[in-house]
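A.B. asks: fold the stuff below for me.
(one chain, ligands or ions: 1)
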Amino acid sequence: MPFEIIRNDITKVSVDAIVNAANKTLLGGGGVDGAIHRAAGPGLLEECRTLGGCKTGEAKLTKGYNLPARYVIHTVGPVWRGGGYNEEKLLADCYRNSLALAKEHKLENIAFPLISTGAFGYPKDKALKTAVSVISDFLMEHDMMVFLVVYDKDSFQLSEKLFNSIKQFIDDNYMENIEEHPYSMESRLLKGLAVSERVLKESDFLSAEAYSETIKPQRKLEDLIDQMDETFSQMLLRLIDQKGMTDAQTYKRANIDRKLFSKIRNDIHYKPSKHTAIAFAIALKLNLDETKDLLMRAGYALSRSSKFDIIIEFFICEGNYNIFEINEALFAFDQKLLGA
Ligand code: APR
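C.D. replies: Residues are numbered from 1 along each chain as shown. The predicted structure is shown next:
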């Protein structure tokens, strides 16, 4: 999974580089800066003294000394002054320049704290949005493992509007331990499709043309019948072709690494985890019915007694297929993230 959000103390994360939310002097401070200097030992400060400080938005690299990380990338976030002083661009520059420095040094993985969201007062939901947007753009073009390390839960905040919409959707749909009786793939598809076609055709709230344009199920019965014995891998590869996507676009949008994708491509009977199957449905921007069809090929069904499934359904119904934003929400609701 190229991008993960984890709960941890960044000084304990064993990666090629951890990023320090420093100040312009680079001579240490409180918060994560203080924690990193304490854990790294005096050697870090000695090297920082030779760097001549750092401008806001820029990034400089030192060794990691006593840290489990090999390097520390020091960057200086903007102080939040209400949003009218270029804060968003400067914060984005912190992530962009730190990633560029890691790439320049051929590092394979990197861990960020939520820069500027402590002493510098940057609103946490806005900072998270900027961090996720810069990191996900970078990962579309480069192969690297990126961790966003959240130290304490209250320093992680979705936008209130998004959080409340998801909470409402869960409240409306979640059913404690209902007995799921997923039909077999064939009978659910045929039963579901035939019923919905008949019911909708006979109903009088839809004119015939409205039915045929908007509501008619996305799949034709005859297509379903001749695709019925497709495996998950065959259906996935067919959909990638139909959507004119490349393999790389698909597995990057699914937050899946290349190795796992090639396993699936080379084994028509490969059985993915439910999370991986859903990640590909998101990458291919499938609607809810298509998602259920793809999941069924791997033997899974979306369930009303799973908050994870309901959150996925929320984003599909919203038409939001940004897997990094979906993972932010899953993290906020203490669910496993999407991807391998
Ligand atoms: N691991 C991971 N994250 C941490 C840790 C830790 N050990 N300690 C704190 N954090 C989180 C905070 O919860 C916050 O979400 O790091 C985020 C950034 O907070 P600060 O460390 O206060 O950094 P920032 O807001 O960028 O302010 C930087 O504070 O420490 C001084 O010298 C620093 O002047 C600079 C300013």
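A.B. asks: so for stretch 161-176, what gets flagged as buried?
C.D. replies: Buried residues in stretch 161-176, counted by 16 or more other Cβ atoms under 10 Å: 162, 166, 169. Every residue, glycine included, has its C-beta placed from N, CA and C.
A.B. asks: again with stretch 298-310
C.D. replies: Across stretch 298-310, burial judged by 16+ other Cβ under 10 Å covers 298, 300-303, 306-310.
A.B. asks: what about those, which are in strands?
C.D. replies: Among those, none falls in strands (DSSP state E).
A.B. asks: how about TSV for those, with distance to the ligand and pLDDT added?
C.D. replies: Shown next, in TSV, are the buried residues of stretch 298-310 (distance: Cβ to the nearest ligand atom, whole Å; pLDDT from 0 to 100):
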residue	distance to the ligand	pLDDT
Ala298	36	94
Tyr300	35	96
Ala301	38	95
Leu302	34	95
Ser303	34	93
Ser306	30	94
Lys307	25	94
Phe308	25	96
Asp309	30	96
Ile310	28	96
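A.B. asks: which two from those residues end up farthest apart in space?
C.D. replies: Across the buried residues of stretch 298-310, the longest distance by Cβ to Cβ is 20.5 Å; it joins Ala298 and Lys307.
A.B. asks: export the buried residues of stretch 161-176 to a markdown table and tack on pLDDT and distance to Glu290?
C.D. replies: Converted to a markdown table, these look like this (pLDDT from 0 to 100; distance: Cβ to Cβ, whole Å):
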| residue | pLDDT | distance to Glu290 |
| --- | --- | --- |
| Leu162 | 86 | 24 |
| Ile166 | 90 | 22 |
| Phe169 | 92 | 20 |
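A.B. asks: find the nearest non-adjacent residue to Asn320, please.
C.D. replies: Nearest non-adjacent residue to Asn320, counting by Cβ to Cβ, 6 or more residues apart in numbering: Ile326, 7.3 Å away.
A.B. asks: distance of the one you found from the ligand?
C.D. replies: 22 Å (Cβ to the nearest ligand atom, to the nearest Å).
A.B. asks: show me where the stretch 51-200 of the chain has its strands.
C.D. replies: Per DSSP state E, counting those that start in this stretch, the stretch 51-200 of the chain carries strands over the ranges 59-63, 71-76, 109-112, 145-150.
A.B. asks: dump the ones you listed to JSON lines, plus mean pLDDT.
C.D. replies: JSON lines is the format used below for the strands of the stretch 51-200 of the chain (pLDDT from 0 to 100):
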{"stretch": "strand 59-63", "mean pLDDT": "98"}
{"stretch": "strand 71-76", "mean pLDDT": "98"}
{"stretch": "strand 109-112", "mean pLDDT": "98"}
{"stretch": "strand 145-150", "mean pLDDT": "96"}
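A.B. asks: quick one: closest of those strands to the ligand.
C.D. replies: Nearest to the ligand among the strands of the stretch 51-200 of the chain is strand 145-150 (4.8 Å), distances taken as Cβ to the nearest ligand atom.
A.B. asks: contacting residues for the closest residue to Ile115 other than its chain neighbours?
C.D. replies: In space, and not counting its chain neighbours, Ile115 is closest to Gly77: 4.1 Å by Cβ to Cβ, 6+ apart. Listed by Cβ atoms under 8 Å, 6 or more residues apart in numbering, the contact set of Gly77 reads 21, 56, 90-91, 94, 115-116, 120, 122.
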